[in-house]
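Trainee: A structural model of the following input is requested.
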Amino acid sequence: MNVHPLPPSALKGEGMTSQRARDRLAMKLKDEGIRDQRVIDVIRNTPRHHFIDQALHSRAYENTALPIGHGQTISQPWVVARMTEALLERPDGKQGVPQKVLEIGTGSGYQAVVLAQLVPQVFTVERIEELLRQARRRFRQLGLNNIRSRHDDGKLGWPDEAPFDAIILTAAGDAIPHAVLDQLSPTGVLVAPVGSPSNQTLIRMRGDGQGDFIQEELAAVSFVPLLGGIG
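Mentor: Next up, the predicted model:
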């Protein structure tokens, strides 16, 4: 059961945004290797069409990334599911729930909303003010009061709230910014795409409690670049 379920009104839709369309997406994610049923259920019950322009509603439940303006995208549902699943997996292979999660790159707010239904606290940072304004409106409409958001340079993280049990980056750089990695708890987990625009890999880093990190590669991905500054 998810920690913070969405209100029944969020499940309304028709045609290409109906519950049937969401159910098909959930089955596709399961067929493509997503194992955590909690994540599948949250994806099934999250109205992805609320996070994109109305002209794209008919494509909301396709397993593909879609534009959200300002040169940004809402990630492919499989990628959102895999990143979320990777954050929840414990080193022993069992399921866990990090208490406090930092997201770098709010974008449309979709990934934050998925996380907020599964963990107690989500802190999300976005450098583009207009995108953050729209995401905050969606958070309010969905009744999620466990998301805190900030307009700032994501490469700086959110030091005032550190340390975090888990950190997720939704844009790709050549490396994880040191300021962000420093905000991960000694036994925390970080999931992020790294690499050049033509060669990106989704990685997971786990703190060993002694100041070192164990890194593993999860999948080939394609994300927008991780940029500094604010806009």
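Trainee: wait, is residue 43 part of a helix?
Mentor: Yes. Counting by DSSP: H, G, I helix; E, B strand; the rest coil, residue 43 falls inside a helix.
Trainee: residue contacts, it?
Mentor: 22, 25, 26, 29, 77, 80, 81, 114 (CB atoms under 8 Å, 6 or more residues apart in numbering). Placement of C-beta: from N, CA and C, glycine included.
Trainee: For the strand or helix carrying the third one, which helices and strands make contact with it?
Mentor: This points to residue 26. Element membership of residue 26 [criterion: DSSP states H and E] is helix 19-31. For helix 19-31, the packing partners by 3 or more CB pairs under 8 Å, 6 or more residues apart in numbering; DSSP states H and E come out as helix 37-45, helix 77-88.
Trainee: need the ones you listed in TSV with distance to residue 152, can you?
Mentor: TSV is the format used below for the helices and strands packed on helix 19-31 (distance: least, CB to CB, whole Å):
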stretch	distance to residue 152
helix 37-45	27
helix 77-88	21
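Trainee: which of those helices is buried the deepest?
Mentor: Of these, the one with the most neighbours on average (mean count of other CB atoms under 10 Å) is helix 77-88, at a mean of 23.
Trainee: Please work out the angle formed by the directions of that helix and helix 37-45.
Mentor: 140 degrees (axes from the mean of the first three to the mean of the last three CA atoms, to 10 degrees).
Trainee: which other residues reach the top strand by length along the chain?
Mentor: If you go by DSSP state E, the chain has its longest strand at strand 184-196. Residues outside strand 184-196 that contact it (CB under 8 Å, 6+ apart): 83, 86-87, 98, 104, 163-169, 171-176, 180-181, 200-211, 213, 218, 221-223.
Trainee: Likewise for stretch 76-95?
Mentor: Here stretch 76-95 makes contact (CB under 8 Å, 6+ apart) with 25, 28-29, 32-36, 38-40, 42-43, 48, 61, 63-65, 96-98, 101, 110-111, 114-115, 118, 166, 168, 170, 189, 191, 202, 204, 206, 218-219, 221.
Trainee: so what's the nearest residue to residue 74 once chain neighbours are set aside scoring on pLDDT?
Mentor: Closest residue in space to residue 74, ignoring its immediate chain neighbours: residue 108 at 4.6 Å, by CB to CB, 6 or more residues apart in numbering. pLDDT, residue 108: 97.
Trainee: which ones are touching residue 108?
Mentor: Shown in contact with residue 108 (CB under 8 Å, 6+ apart): 51, 52, 68, 72, 74, 131, 134, 135, 138.
Trainee: at 10 Å what do you get?
Mentor: Residue 108 sits next to 48, 50-52, 66, 68-69, 72-75, 126, 131, 134-135, 138, 170 when contact means CB atoms under 10 Å, 6 or more residues apart in numbering.
Trainee: same for the host helix or strand of residue 200, what does it pack against?
Mentor: Using DSSP H and E, residue 200 sits in strand 199-207. In terms of contacts (3 or more CB pairs under 10 Å, 6 or more residues apart in numbering; DSSP states H and E), strand 199-207 is packed against helix 77-88, strand 164-169, strand 184-196, strand 213-221.
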